[in-house]
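K.L.:
Need the 3D shape of this:
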Amino acid sequence: MKVITFEKSSHFGRIIKTGVFFNESTIFDPQNIWQLYFEKQGFYNARQRAENKMPHSLAKYLKTAESPIDLLLETKELFIKYYSQGDLSTYDKSSLAFDLKDNGDIKILCPLDSINCYRDFYTHEKHVKTSFAKRGEEIPAPWFEIPAYYKGPTTGFIGQDSIVPWPNYTEKLDYELELACVIGRDGKNIKEEEALKHVFGFTILNDISARDIQKKEMAIRLGPAKGKDFCSVLGPVITTMDEFNFKEPSLEMKAYINDELWSSGKSSDAHYSWAQMIAHASNEEWLLSTDVLGSGTVGTGCGLELDRWIQPGDKIILEIEGIGSLKNIIGTPNGKF
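P.N.:
From the prediction side, this is the model:
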């Protein structure tokens, strides 16, 4: 399944909800489906029961659902049943599904409306080797011993079609093509063989970087801080683990700048597996539902490696097989075009 967070108009004004793609253009609303279910059972508080079972917030859902993928699969079957019967709305006329082609009112947002903790790893050897070579250095030995990561802020995430802010303190803004996983089950000291059971799904991550300030921070042996803490992009969907047969995926990854292919690689080229990353991150530390883990930049997956730099107004499209295309426009230092 491909899960999104979207915004639309309702009887109560603009609301933010969770949706699931039924086909390429149709999304169903899990909460409304359960509201109809409880209405058919004769419950007077069907709306509240639906909110308790399937919260409108994906983050709240992941924190409260015992088996979030199983419940969404059950919801999909319920939608198929109602659709075949011609039941397309709740008793208060709230639609069970929406066609994105015919509904300009819907805006797709960052797929996860709230993130508990953001960890970004550094696992693709080709990218790491090129990055160190530009500083005249070899990859340090500890890189081959542990899957290193940094923790970034969770407040600057944006989603599909949003404008990427250009901080006024940088002249070298960069994109980073990454795969990210979303944790859907809490755990501490997770064993590698159990790690993928804690993953809800995978999405596309664009780890936007201000390279000039990042270079200064790293020279001090601190950071990244201002080099990365202003914006990251996630989306457009989270593809749940059932679509990958609950196994670690090997996915083609590409980046286009103004429709020109700049970057291409494969998620499985990483030196460390997702199981190793999850086991390492959870060593004496809790991983919680709604945590996001980035793989690190795939080889050739950023302008720094290519000596090519994005500019204000550029269109960026990151594509990952099985997930989709994440599209954004680069803003300007003053926030205007």
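K.L.:
Every contact and neighbour count from this point should use C-alpha atoms.
P.N.:
OK.
K.L.:
Next one: the nearest residue to Leu179 once chain neighbours are set aside, what pLDDT does it get?
P.N.:
Nearest residue to Leu179, sequence neighbours excluded (CA to CA, 6 or more residues apart in numbering): Ile204, at 5.1 Å. With respect to pLDDT, Ile204 scores 98.
K.L.:
again with Gly104
P.N.:
The model's pLDDT for Gly104 equals 80.
K.L.:
what about the strands in the stretch 101-250 of the chain?
P.N.:
For the stretch 101-250 of the chain, strands defined by DSSP state E, counting those that start in this stretch occupy the ranges 107-108, 118-121, 149-152, 157-158, 163-164, 173-174, 177-183, 187-188, 199-206, 209-210, 232-240.
K.L.:
got these as CSV, with mean neighbour count columns?
P.N.:
Output for those, formatted as CSV (neighbours: other CA atoms under 10 Å):
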stretch, mean neighbour count
strand 107-108, 18
strand 118-121, 20
strand 149-152, 16
strand 157-158, 24
strand 163-164, 21
strand 173-174, 22
strand 177-183, 27
strand 187-188, 18
strand 199-206, 27
strand 209-210, 26
strand 232-240, 26
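K.L.:
of all those strands, which lies closest to Tyr272?
P.N.:
strand 118-121 (9.6 Å; CA to CA).
K.L.:
contacts for the closest one?
P.N.:
By CA atoms under 8 Å, 6 or more residues apart in numbering, the list of residues contacting strand 118-121 from outside reads 147-154, 277, 291-296.
K.L.:
Against Arg135, how distant is Asp291?
P.N.:
32 Å (CA to CA, to the nearest Å).
K.L.:
Wait, the residue nearest to Leu179 touches Ile320, no?
P.N.:
Yes: using CA atoms under 8 Å, Ile204 is in contact with Ile320, at 6.8 Å.
K.L.:
Which residue ranges of the stretch 151-300 of the chain form helices?
P.N.:
Under the criterion DSSP state H, counting those that start in this stretch, the stretch 151-300 of the chain carries helices at the ranges 211-219, 274-281.
K.L.:
Direction-wise, compare the shortest one with strand 177-183 and give the angle.
P.N.:
So that's helix 274-281. Helix 274-281 and strand 177-183 are oriented at 60 degrees to each other (axes from the mean of the first three to the mean of the last three CA atoms, to 10 degrees).
K.L.:
contacting residues for Asp113?
P.N.:
Contacts for Asp113 (CA under 8 Å, 6+ apart) come out as 5, 57-59.
K.L.:
how near is Lys63 to Phe202?
P.N.:
Applying CA to CA to Lys63 and Phe202 gives a distance of 17 Å.
K.L.:
Repeat that for Ile316.
P.N.:
Using CA to CA, which is the criterion applied here, Ile316 is 20 Å from Phe202.
K.L.:
re the thing from before, ok, Asp291 and Arg135, which is more surrounded?
P.N.:
Each of Asp291 and Arg135 has its neighbours counted (other CA atoms under 10 Å); Asp291 has more, 23 against 9.
K.L.:
got a pLDDT number for that one?
P.N.:
Per the predicted model, pLDDT is 98 at Asp291.
K.L.:
Number the chain from 743, please
P.N.:
That works, and once the first residue is 743, the last one we named lands at Asp1033.
K.L.:
Quick check, it in contact with Cys859.
P.N.:
Yes: the pair Asp1033 and Cys859 qualifies as a contact (CA under 8 Å) at a distance of 4.8 Å.
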